[in-house]
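A.B. asks: Next input, structure requested:
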Amino acid sequence: MAEPYLGNPGRTSEILRKYNISAKKKYGQNFLIDAGALEGIIEAAGVTKDDFVLEIGPGIGTLTQYLAARARKVCAVEIDRSLLPILEDTLNDWDNVEVVPGDILKTDIGEIAERENGGRPIKVVANLPYYITTPIILGLFESRAPMESMTVMVQKEVADRMQAGPGSKIYGALSLVVQYHSEPRIDFIVHPNSFLPQPGVDSAVVTLKRHRQPPVEVKDEKLLFDLIRASFNQRRKKLSNGIANFAGFSFSRGEAEEALKRAGVSPTIRGEALDLGQFAKIADTLYEIRAEKQQ
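C.D. replies: Purely as a prediction, here's the structure:
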């Protein structure tokens, strides 16, 4: 099988010149030109010949080449159709890659996993566009598609937020939702000079290993996630106000305060002070109050 070659800056520049293209800001494109970082992503993801891998945003096929050299099969979803002829060229030496034109947020990942991997958990590996990182990660979790893990390149600041705990200034909805679904691990940092063009921030490769079972049990998962959103929509306000003001809820301030009281939480608490277990407890008390209202 062919060896990957696009980790070489010269070869990447050659492809860009050949097709007279440059990175598009609207798609958050930055081409990775660091062979060490590319090998590191493959190692962090633990890709083997048994794996089916879903890649998001292959660009000109740089990471795709490294994945194809190690995986059983790679399915790469690319939103920028102008890159399709380039991918046909750069991936010509690998017969285990399928490029799917489309938006990952509108792609049926469960159907792909069923068709290509018999419904068994897949691995997701990607150098994510930074402007849409959070919607992609949350969308993948919410899709309920069978996933073993996600290994993704993101802004270092976003990777730090995924691991943050209560009381931290960067702790928020992303921290809680990621930790509900997975165990986040920062694998290594990638500096701007590893990209063409260079981004203005450090990046991090982070692996999100999917929990077999969430670390907390709740009566209504959607209610939990709505509660988390409500608490950080108005971060500096009391949680009871956030619940009462959240458009997706129909709880009064009195009902919100009652829920906090039943959950053993101070009525003046802010969401940023609560851990996932406490959010689950409050969500369950809101569920009970809602059920009582409907009786």
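
A.B. asks: Okay, domains of the chain per the record?
C.D. replies: 9-210, 221-294 (automatic domain parsing).

A.B. asks: mind giving me a markdown table with these and columns for mean neighbour count and mean pLDDT?
C.D. replies: C-beta: built from backbone N, CA, C; applies to glycine. Formatted as a markdown table, the domains of the chain follow (neighbours: other CB atoms under 10 Å; pLDDT from 0 to 100):
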| stretch | mean neighbour count | mean pLDDT |
| --- | --- | --- |
| domain 9-210 | 18 | 93 |
| domain 221-294 | 18 | 92 |
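
A.B. asks: Tell me which of those sits nearest to Ala2.
C.D. replies: Closest to Ala2 of those, according to CB to CB: domain 9-210, at 3.6 Å.

A.B. asks: name the element Glu111 belongs to?
C.D. replies: Using DSSP states H and E, Glu111 sits within helix 109-117.

A.B. asks: strands paired with the helix or strand just after that helix, and their directions?
C.D. replies: The C-terminal neighbour of helix 109-117 among helices and strands, as given by DSSP H and E, is strand 122-127. If you go by DSSP bridges, strand 122-127 pairs up with strand 52-56 (parallel), strand 147-155 (parallel).

A.B. asks: ranges for the strands of the stretch 1-150 of the chain?
C.D. replies: Here the stretch 1-150 of the chain has its strands, by DSSP state E, counting those that start in this stretch, at 31-32, 52-56, 73-78, 97-101, 122-127, 147-155.

A.B. asks: and the longest helix for this structure?
C.D. replies: Looking across the chain with DSSP state H, the single longest helix is helix 276-294.

A.B. asks: In PDB, list the C-alpha atoms belonging to it.
C.D. replies: Output in PDB follows, covering the C-alpha atoms of helix 276-294 (Å, rounded to 0.1, in the frame of the first residue of the first chain):
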ATOM      1  CA  LEU A 276     -22.900  16.800  36.700                       C
ATOM      2  CA  GLY A 277     -24.400  14.800  39.500                       C
ATOM      3  CA  GLN A 278     -26.100  17.900  41.000                       C
ATOM      4  CA  PHE A 279     -27.500  18.900  37.600                       C
ATOM      5  CA  ALA A 280     -28.900  15.400  37.200                       C
ATOM      6  CA  LYS A 281     -30.600  15.700  40.700                       C
ATOM      7  CA  ILE A 282     -32.100  19.100  39.900                       C
ATOM      8  CA  ALA A 283     -33.300  17.800  36.500                       C
ATOM      9  CA  ASP A 284     -35.100  15.000  38.200                       C
ATOM     10  CA  THR A 285     -36.800  17.300  40.600                       C
ATOM     11  CA  LEU A 286     -38.000  19.500  37.700                       C
ATOM     12  CA  TYR A 287     -39.300  16.400  36.100                       C
ATOM     13  CA  GLU A 288     -41.300  15.600  39.200                       C
ATOM     14  CA  ILE A 289     -42.700  19.100  39.500                       C
ATOM     15  CA  ARG A 290     -43.700  19.000  35.800                       C
ATOM     16  CA  ALA A 291     -45.400  15.700  36.400                       C
ATOM     17  CA  GLU A 292     -47.300  17.100  39.400                       C
ATOM     18  CA  LYS A 293     -48.500  20.000  37.400                       C
ATOM     19  CA  GLN A 294     -49.900  17.700  34.700                       C
END
